[in-house]
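# Sequence first, then the predicted structure:
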Amino acid sequence: MTILTAIIGGIIGLIVGVLLVVTGPDGIAENRPFYNVLDKIVNLFRSIPFIVLLAVIAPFTRIVVGTAIGTTAAIVPLIIAVIPFYARQIQNALLDVDYGIIEAAAAMGSSRLGIIFRVYLKEGLSQIIRSSVLTLISLIGLTAMAGTVGGGGLGNLAVMIGYERFQNDVTFVSLILILILVFIIQIVGDILAKATDHENFS
């Protein structure tokens with residue numbers, strides 16, 4: 001569930017994040033009306049608490065997957081929650097790219113797509129990885145709340161089995177496994193981010 005959500009939400013979130021950058025102020029495809037609408041939508045969904053989002057989009061979830069309960073149903077609100085969060089992280093990461101490099105690429109005749117792939121995504125790769133790590137760790141936390149609709153996962157195991165049935169050993173083991181998973185993700189992310197950080201080679 002977490003992996004599928006991360007893949008789908010990550011791809012869509014990356015696209016939305018790139019659109020926020022290129023259509024925003026001083027972007028290579030500046031379009032204020034489009035940017036303002038997209039920016040407001042991202043802010044709107046980011047401001048909704050996940051537990052409330054679960055209830056609000058239950059009818060939509062039922063239409064999409066045929067049910068509002070279970071692991072499959074939990075994927076829909078998780079994706080909707082991840083997209084705006086990751087999009088904003090991507091936007092911040094790409095805005096850190098040296099504008100001089102962008103101008104130089106444009107001056108050499110690079111197309112907008114060329115600038116996006118060869119400048120924004122390439123130069124911002126290290127920050128994108130860090131943003132991805134942060135989003136993935138946050139997603140692990142969201143899966144615990146997804147347990148309220150039968151989403152499963154370690155968080156659900158800790159709450160529904162361990163806490164509610166007073167099986168403290170289950171809660172403890174689930175917590176340890178979650179911490180180990182987060183630790184591994186953070187370590188791997190840090191290694192990849194440092195390996196792709198252009199400042200380390202300057």
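Noted; the coordinates are in hand.

# Relative to Gln91, how far out is Asp22?
Careful, residue 22 is Val and not Asp. Separation of Val22 from Gln91 (CB to CB, to the nearest Å) stands at 10 Å. Yep, even glycine has a C-beta here, placed from its N, CA and C like the rest.

# list the buried ones in stretch 170-183?
Val170, Thr171, Ser174, Ile178 (16 or more other CB atoms under 10 Å).

# could you give the mean pLDDT of that stretch?
Taken as a whole, stretch 170-183 carries a mean pLDDT of 86.

# Same check on stretch 3-10?
Rounded mean pLDDT across stretch 3-10 is 91.

# Tell me the buried residues in it?
Thr5, Ala6, Ile8, Gly9, Gly10.

# who does the biggest helix by length in the chain touch, helix- and strand-wise?
For the chain, the longest helix by residue count, based on DSSP state H, is helix 168-195. On a contact count with 3 or more CB pairs under 8 Å, 6 or more residues apart in numbering; DSSP states H and E, helix 168-195 meets helix 125-145, helix 153-156.

# Select, out of the ones you listed, the one closest to Asn43.
helix 125-145 (16.9 Å; CB to CB).

# quick one: that closest one to chain centroid distance?
In terms of CA atoms, centre = their mean, to the nearest Å, the centre of helix 125-145 is found 6 Å from the chain centre.

# Packing partners of that helix?
Partner elements for helix 125-145 (3+ CB pairs under 8 Å, 6+ apart): helix 2-22, helix 50-56, helix 71-95, helix 153-156, helix 168-195.

# Tabulate those (CSV), appending distance to Gln127.
What follows is the helices and strands packed on helix 125-145, written out as CSV (distance: least, CB to CB, whole Å):
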stretch, distance to Gln127
helix 2-22, 11
helix 50-56, 25
helix 71-95, 4
helix 153-156, 28
helix 168-195, 8
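
# Single out the most deeply packed of these.
Each of the helices and strands packed on helix 125-145 was scored by mean neighbour count; the highest is helix 71-95, a mean of 22, by mean count of other CB atoms under 10 Å.

# Let's see the pLDDT reported for the closest residue to Ser138 other than its chain neighbours.
Nearest non-adjacent residue to Ser138, counting by CB to CB, 6 or more residues apart in numbering: Phe85, 6.5 Å away. At Phe85, the model reports a pLDDT of 96.
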